[in-house]
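Chemist: After the sequence you'll find the predicted model.
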Amino acid sequence: MHVETSYFSVQTNGKGTYEITDEIQRKIDRCGLRSGTVTVFVQHTSCSIVIMENADPTARADLEEFFNRLVPEDADYFTHGSEGSDDMPSHIRMVLTRTSETVPIADVKMQLGTWQGLFLFEHRRSPHRRKIFITIIGE
Amino acid sequence: MHVETSYFSVQTNGKGTYEITDEIQRKIDRCGLRSGTVTVFVQHTSCSIVIMENADPTARADLEEFFNRLVPEDADYFTHGSEGSDDMPSHIRMVLTRTSETVPIADVKMQLGTWQGLFLFEHRRSPHRRKIFITIIGE
Amino acid sequence: MHVETSYFSVQTNGKGTYEITDEIQRKIDRCGLRSGTVTVFVQHTSCSIVIMENADPTARADLEEFFNRLVPEDADYFTHGSEGSDDMPSHIRMVLTRTSETVPIADVKMQLGTWQGLFLFEHRRSPHRRKIFITIIGE
C-alpha cells in the first residue's frame, strides 16, 4: 500500500469550467499506482471540483448559465457583501456542487466513463490562482 | 492493507431512484475487509449516486419531483439539445447531486445510519444500463 | 498503512451550521497519521456535512437563507409529511449538499485552505443528536 500527496495550481480567467483530467492522470502515471483511488480536493470556498460531460462545450455553457440563474448576484437578503457581489453566490454555488471528487484507479488509469471529465468550476468573475491537492491511495 | 476493485451494472427503467445498498454490502461481505471505506462511483454524466431516506418511497417521489421542477426540460436558454430535451437537465441534476459516495466500513459492515440507503438516481427518461465502479480500501 | 475508525456526536439546537473542524483535527493528532485522507460521514438523512467559509458568520447565514428559499417547507406537491413540514425539505437539502467530505492529510494536518471549515449543516428545526463517523486512512 502506498500514499502519495501532491498539489498543483490552476490559473483561472474568471467564471467558467477548466478541465484538469489530464493533469491528474499524469500524476497517477508518474507514481505508477495500479489500483486504488485518487481524491482531488480544491482548497477554496468560491470554486468547486465537478465531474461533467467533456465532449460538447455547450453542455458546460448551459450548466454555468443554470447556476447564474439559480444563485443570482443581487439577492436582496444577502448580507455578506464586503468582498463583492459575486462572492456570496460563489460560496453557495460551491456548497451546491463539490469541494472534492474521489475517482477509482485500476490498471494505473482513472476509471472515468467515456464522457466524464474532471473540471475546476470557477465561480468568481476575476482571475484567481486555485490550489488543488491530490491524494493517491492504493497499491 | 488491501484494495479491491470491481463493478456491476444497474438496468434502469427511466427516471427514478434505484436502491443499490445490498449489492454493495455483498461485495464487502465477499472480500471480508473489516475496516476502511468503500467508494461507489458511477461512470456516467446523466445519473447520480445519492444517499437517501430508504424507508418511505414517498420521500423519494417528492425528491424526484423537486428536481423535475428545479431543472425543467424546456429552459429557453439551453443550447445543448442534440441528445433530447431530457439530456441537459440530466447533466445539471448530476452536478447538483453526486457522482460518488464514500461510506465507512467497520466490522465488515457499511456504517450507514438506520434510514440511509445508497441509490442510483437515473435522470434520463429512457432505460439505460449504468456501470458502477466499487473500490474497497482498508484492512 | 493504517486505518482508524471512530465517531463522535454533535448536539444541534435546530437549523444552522455547526463547525466540527477542530474535533476532527484532534482525532488526526491523536492517531498521528502523517499522510492520507480523512472521510467525515454523517449517519442521517436530514442533515449534511459541508465545507464552508469559516471567517464571517454572515456568509453562513446567507447560505442557510438561500436553502430556506430554494426548498420551501410548504411545497404543495410534497406527499411525505408525516414527520413534520420540515422533514421533506431536510431530505432534499441533504441531497443538494453532501453526506460526507474526504479531506487530504499531510504532515498530520488536514490540508484545508485558509478559509475552509468543516460544518455539520442541520436541516431540522428541533434539536437533534447527530452521529459523525470518521475514517482516517494513510501512513
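Modeler: Yep, it's here. Numbering: from 1, shown residues only, chains lettered A, B, ... in the order given.

Chemist: and the spatially most central residue of chain A, what are its bridge partners?
Modeler: For chain A, the residue nearest the mean C-alpha position is A:I49 (2.0 Å; C-alpha atoms, centre = their mean). Taking DSSP bridges as the rule, A:I49 bridges to A:L120.

Chemist: now it: how far from chain B?
Modeler: For A:I49, the distance to chain B equals 10 Å [C-beta to the nearest C-beta, to the nearest Å]. Glycine gets a C-beta too; all of them are placed from N, C-alpha and C.

Chemist: thought that residue was touching A:R98?
Modeler: Yes: the criterion here is C-beta atoms under 8 Å, and A:I49 meets it with A:R98 at 5.5 Å.

Chemist: what does chain A have sitting close to chain C?
Modeler: Counting by C-beta under 8 Å from any C-beta of the partner chain, the residues of chain A close to chain C are A:1-3, A:5, A:39, A:41-45, A:70-71, A:75, A:77-80, A:82, A:88, A:91-92, A:94-96, A:98-100, A:102, A:131, A:133-135, A:137.

Chemist: Drop anything exposed from these.
Modeler: A:1, A:3, A:5, A:39, A:41-45, A:70-71, A:78, A:80, A:88, A:91-92, A:94-96, A:98-100, A:102, A:133-135, A:137 (16 or more other C-beta atoms under 10 Å in any protein chain shown).

Chemist: near chain B, from those?
Modeler: A:1, A:70, A:96, A:98, A:102, A:137.

Chemist: Need those in JSON lines (columns: secondary structure and pLDDT).
Modeler: Listed next are those as JSON lines, based on DSSP: H, G, I helix; E, B strand; the rest coil; pLDDT from 0 to 100:
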{"residue": "A:M1", "secondary structure": "coil", "pLDDT": "85"}
{"residue": "A:L70", "secondary structure": "helix", "pLDDT": "98"}
{"residue": "A:L96", "secondary structure": "helix", "pLDDT": "98"}
{"residue": "A:R98", "secondary structure": "coil", "pLDDT": "98"}
{"residue": "A:T102", "secondary structure": "strand", "pLDDT": "98"}
{"residue": "A:I137", "secondary structure": "strand", "pLDDT": "97"}
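
Chemist: Which single one of those residues is nearest to C:E122?
Modeler: Using C-beta to C-beta, A:L96 is the member of these that lies nearest C:E122, at 17.7 Å.

Chemist: so that closest one touches B:L96, yeah?
Modeler: Yes: between A:L96 and B:L96 there is a contact under C-beta under 8 Å: 6.1 Å.

Chemist: what do the two both touch?
Modeler: Taking C-beta atoms under 8 Å, 6 or more residues apart in numbering or on different chains as the criterion, A:L96 and B:L96 both touch C:L96.

Chemist: What sits closest to A:V103 if chain neighbours are left out?
Modeler: Counting by C-beta to C-beta, 6 or more residues apart in numbering or on different chains, A:M110 is the residue found nearest to A:V103 once chain neighbours are left out, at 4.9 Å.

Chemist: got the contact list for the one you found?
Modeler: By C-beta under 8 Å, 6+ apart, the neighbours of A:M110 are A:21, A:24-25, A:28, A:38, A:103-104.

Chemist: neighbours around A:G36, how many?
Modeler: 22 (other C-beta atoms under 10 Å in any protein chain shown).

Chemist: ugh, wrong one, I meant A:E64
Modeler: A:E64, neighbours per other C-beta under 10 Å, totals 16.

Chemist: For the residue in chain A that chain B sits nearest to, give me phi and psi.
Modeler: Closest residue of chain A to chain B, C-beta to the nearest C-beta: A:G113 (3.3 Å). Note on A:G113: backbone dihedrals following degrees, to the nearest 10 are phi -70, psi 170.

Chemist: That one contacts B:K131, doesn't it?
Modeler: Yes: A:G113 lies in contact with B:K131 (C-beta under 8 Å); the separation is 7.1 Å.

Chemist: which residues do these two both contact?
Modeler: B:42-44.

Chemist: So which of these belong to strands?
Modeler: Those of the shared contacts of A:G113 and B:K131 mapping onto strands are B:V42, per DSSP state E.

Chemist: which ones among the shared contacts of A:G113 and B:K131 come in contact with chain A?
Modeler: B:42-44.

Chemist: quick one: which of those residues is nearest to B:G14?
Modeler: Set against B:G14, the nearest of those by C-beta to C-beta is B:H44 (14.5 Å).

Chemist: can you list the residues of chain A near chain B?
Modeler: A:1, A:35-37, A:50-53, A:56, A:58-59, A:61-63, A:65-66, A:69-70, A:96-98, A:101-106, A:111-116, A:137-139.

Chemist: List the ones among the residues you listed that fall in helices.
Modeler: If you go by DSSP state H, the residues of chain A next to chain B have A:58-59, A:61-63, A:65-66, A:69-70, A:96 in helices.

Chemist: Could you export those to TSV, including columns for distance to C:S126?
Modeler: Listed next are those as TSV, based on distance: C-beta to C-beta, whole Å:
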residue	distance to C:S126
A:T58	45
A:A59	41
A:A61	43
A:D62	40
A:L63	36
A:E65	38
A:F66	34
A:R69	33
A:L70	29
A:L96	25
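
Chemist: Need the buried ones from those selected in ChimeraX.
Modeler: ChimeraX command restricting those to the buried ones, with burial defined by 16+ other C-beta under 10 Å:
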select /A:59,61,62,63,66,70,96
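
Chemist: C:K15: which of the ones in helices among the residues of chain A next to chain B is nearest?
Modeler: Minimum distance to C:K15 across those is 17.7 Å, recorded for A:L96 (C-beta to C-beta).

Chemist: That concludes my questions; thank you for your assistance.
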